[in-house]
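Q: Give me coordinates for this.
(2 chains)
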There are 2 protein chains.
Amino acid sequence: MSTFRDDGAAALDWVASYLEGVRERPVLSQVEPGEIRAALPASPPDGPEPFSAVLRDLDDVLMPGITHWQGPRFFAYFATTASEPGVLAEILIAGLNQVGILWRTSPALQELEEVTLDWLAQLLGLPSGLHGHIEDTASTSTLVALAVARAASPGRRVVVCSEHAHSSVDKAAKLLELDLRKVPGDEQFRLRPDLLDLDGACAVVATIGTTSSTSVDPVPAIADRCEAEGVWLHVDAAYAGAAAVCPELRDRFAGWGRADSIVVNPHKWLGVPMDCSTLWTSRADAFRDAFSLVPEYLRVTEEVASLSEHTQVLGRRFRALKLWAVLRCYGRSGLQERIREHLRLAALFEEWVRADDAWEVVAPRPFSVVCFRLRGSDEDNEALLERVNATGEVFISHTTLAGRYVLRLAVGSFRTTEDDVRLAWDVLRREAEALRA
Amino acid sequence: MSTFRDDGAAALDWVASYLEGVRERPVLSQVEPGEIRAALPASPPDGPEPFSAVLRDLDDVLMPGITHWQGPRFFAYFATTASEPGVLAEILIAGLNQVGILWRTSPALQELEEVTLDWLAQLLGLPSGLHGHIEDTASTSTLVALAVARAASPGRRVVVCSEHAHSSVDKAAKLLELDLRKVPGDEQFRLRPDLLDLDGACAVVATIGTTSSTSVDPVPAIADRCEAEGVWLHVDAAYAGAAAVCPELRDRFAGWGRADSIVVNPHKWLGVPMDCSTLWTSRADAFRDAFSLVPEYLRVTEEVASLSEHTQVLGRRFRALKLWAVLRCYGRSGLQERIREHLRLAALFEEWVRADDAWEVVAPRPFSVVCFRLRGSDEDNEALLERVNATGEVFISHTTLAGRYVLRLAVGSFRTTEDDVRLAWDVLRREAEALRA
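A: Down below sits the predicted model:
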């Protein structure tokens, strides 16, 4: 075991040094497709190599192909953080290697998962009594929720969502062979409830914090309709849900407690390492009806339902342990501080954009993502983005809104400071200047 | 960062000490349902707590609820190992926190995943040129493969498998709304190809190493039929696939290279921590046709397909890094040694059972799982298993075969020695004796 301790110390030192220096690395990997593959041997080794060789090649071969999600100037998609307590919890998770297939295969895994989901529901102001479990990503959470909705509504084969809903809804509908009915958004990119047609619908997906603009669908109005017509309401708050830890932001979450199922991704904006998607439901029985299947080799004598009876996959990692570590090491106040700081930084950036006539803000900003563009053509903006990301100084992504190419600055890393946001603005203006020249 | 380094050293020491002492712990958790939950606070903390508090409560509150999958006397289900290099790689994975949604979000993740899947295919003697990617568990791999099969075979809605196929096939068929046609097994629990009816079938799932008895379906005969009738062949070798690293065991894998898709779980018998399920296909285009969906916010300029276009979920962890670390730190010979030792230990145990008239072996043993029972009633065997597991000395699980209650001893942990297997046999005989008394 001395090897494990020594190699472990080296691995830990590697990560500590990495996090200390991540600010200096080019954010978006600058390699060409195939470059990493070409630098790796074509075949595995015949005999054992030391762990130090893995660390060496991580540095020499793989690092150029890393895009630094942990870096403070990662502003693309939704910026995330594997916080220090979350990283350390992953060491424990791997060491214990729990495989949650049944309660008895890890009572601690199952009961900690139930408890931390209760804790997080409390932090987010969700109603008490929801049943929660963890999935890998929102793709799976939404798939699972819609599968339950389908099973609970025989004969109804339509999923309704806004045109701004995430592509995972499209993918889930395709896998479940449900028709997808997309409702137009209003000028603020919110689902228009006056256009909501629930004919034949088994589910509506309402989004709090859409991927492109973080717009908030009018959940109360949608919930009214769903309740009146007996349609399952799934709320996708994968990104924005974290913001509900702040009471002053709860207005954005009005009505979500009426949903039949809700997904929030703690791996997005709550400091939990990838992957950890939390899924709550007020209709646990419907989940169990849809998914429980206990073959003889999994039959047990104790009378307790396993979490695997509430979802598609049988085996689960001990993800609850990292969620628990993060919730404890930050606490309610620590998480609130970070969310508030991110909203402050996003507001600051938005202000700078608004104050400069060469630029425009193109969507309301309910959370920490600013949608903006250079006044000019789509091509100009696309060229600008390529230039900006090629510098490696920051990484920003894009979308389209109302048919126009739009840049998105997403503040979400626990490591991002005001200086980092200012640098993003400086780089954008500098490269726009260069583009004009 | 000094906190991260100090807390990290404590976490690492915790894991090292745990692995050093895991042999002494009761294998199956002895807590009652609800006991762990009751020992945890009902609400999350308002303010930050130190990481040391997490470690303290891990010991004081959670450890009684841990079933020791890492222990050398875990013989239930399929015994697994989070090997030391695999555990250390998880530190790196968490530290880097790559989120693989597109190639550019982590070229290293995607290309290492492609390369390690190539490496593993070579180690297992699979044909060259397969496309591989990693899923969380075999539940997902099989679901994804069957979804592609369904999409590739319009109008055909039947999945065919043996009565001994894993419950994940049932769950996948249910989610995909496919009819499941179960083919009876022969006296050795192998699918009977003479009873194979492919009418309306979009897929056949053949299993190499079924869950109950590790029986091997006659893949060459099944492949003949699938090829003749244009039906997708999915091979489930989630557990046993690892054994193909040994050329002398390849006879059990005859024909699997003809499959359209194959799943093997390196988190089962190849030392990779939970979770890591590898899925190969000879029909990558069919996967991409079934799953590719690129919304504007994920459109990129580089011409390279992302792994997310081959499956249901968008985001993926950097699981390839732990597979890479394990393949390198053991090498071909290291993995072969462990598989061979497990087969030797299982053969030894089988010999002891056969030599004792009070016991019987009830299935052939192609791999490292022995199916056996005490000569007596099902009730006797069930009572015996409860007694044995209550000792905490070993953990063994059961199944039914040919309508009878059967005990299973699964050798699969890299930490298991001959003494551990002998102890299992001693405990079984001792408890059987006590039961008779």
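
Q: Next one: A:Ser141 from chain B, what distance?
A: 10 Å (CB to the nearest CB, to the nearest Å). All C-beta atoms are positioned from the backbone trio N, CA, C, and that covers glycine.

Q: Now do whichever helix or strand that residue is part of and helix B:138-152, the angle between them.
A: Assigned by DSSP states H and E, A:Ser141 falls within helix A:138-152. Calculated by axes from the mean of the first three to the mean of the last three CA atoms, to 10 degrees, helix A:138-152 forms an angle of 70 degrees with helix B:138-152.

Q: Please save the CA atoms from helix A:138-152 in PDB.
A: Extracted in PDB, the C-alpha atoms of helix A:138-152 (Å, rounded to 0.1, in the frame of the first residue of the first chain):
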ATOM      1  CA  ALA A 138     -30.300  16.300 -16.900                       C
ATOM      2  CA  SER A 139     -30.600  14.300 -20.200                       C
ATOM      3  CA  THR A 140     -31.300  11.300 -18.100                       C
ATOM      4  CA  SER A 141     -33.500  13.000 -15.500                       C
ATOM      5  CA  THR A 142     -35.700  14.500 -18.200                       C
ATOM      6  CA  LEU A 143     -35.900  11.100 -20.000                       C
ATOM      7  CA  VAL A 144     -36.800   9.300 -16.900                       C
ATOM      8  CA  ALA A 145     -39.500  11.900 -15.900                       C
ATOM      9  CA  LEU A 146     -41.000  11.800 -19.300                       C
ATOM     10  CA  ALA A 147     -41.000   8.000 -19.400                       C
ATOM     11  CA  VAL A 148     -43.000   8.100 -16.100                       C
ATOM     12  CA  ALA A 149     -45.400  10.700 -17.600                       C
ATOM     13  CA  ARG A 150     -45.900   8.600 -20.600                       C
ATOM     14  CA  ALA A 151     -46.700   5.500 -18.500                       C
ATOM     15  CA  ALA A 152     -49.000   7.500 -16.300                       C
END
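
Q: So for stretch A:205-224, mean pLDDT?
A: Mean per-residue pLDDT for stretch A:205-224: 98.

Q: typo on my end, it should be stretch A:134-142
A: Here the average pLDDT along stretch A:134-142 is 98.

Q: Can you give the distance of that stretch from its chain's centre?
A: The gap between where stretch A:134-142 is centred and where its chain is centred comes out at 9 Å by CA atoms, centre = their mean, to the nearest Å.

Q: Now A:Thr207: phi and psi?
A: Dihedral pair for A:Thr207: phi -110, psi 130, per degrees, to the nearest 10.

Q: What is the neighbour count of it?
A: 27 (other CB atoms under 10 Å in any protein chain shown).

Q: any idea how far the residue nearest to A:Asn265 when sequence neighbours are not counted is from chain B?
A: Nearest residue to A:Asn265, sequence neighbours excluded (CB to CB, 6 or more residues apart in numbering or on different chains): A:Ala238, at 4.4 Å. Between A:Ala238 and chain B the distance is 10 Å, computed by CB to the nearest CB.

Q: check contacts around A:Ala238.
A: Taking CB atoms under 8 Å, 6 or more residues apart in numbering or on different chains, we find A:Ala238 in contact with A:Ala138, A:Ser141, A:His166, A:Gly209, A:Val263, A:Val264, A:Asn265, A:Lys268, A:Ser277.

Q: Pull the number of nearby residues for A:Val219.
A: Here the number of neighbours of A:Val219 (other CB under 10 Å) works out to 27.
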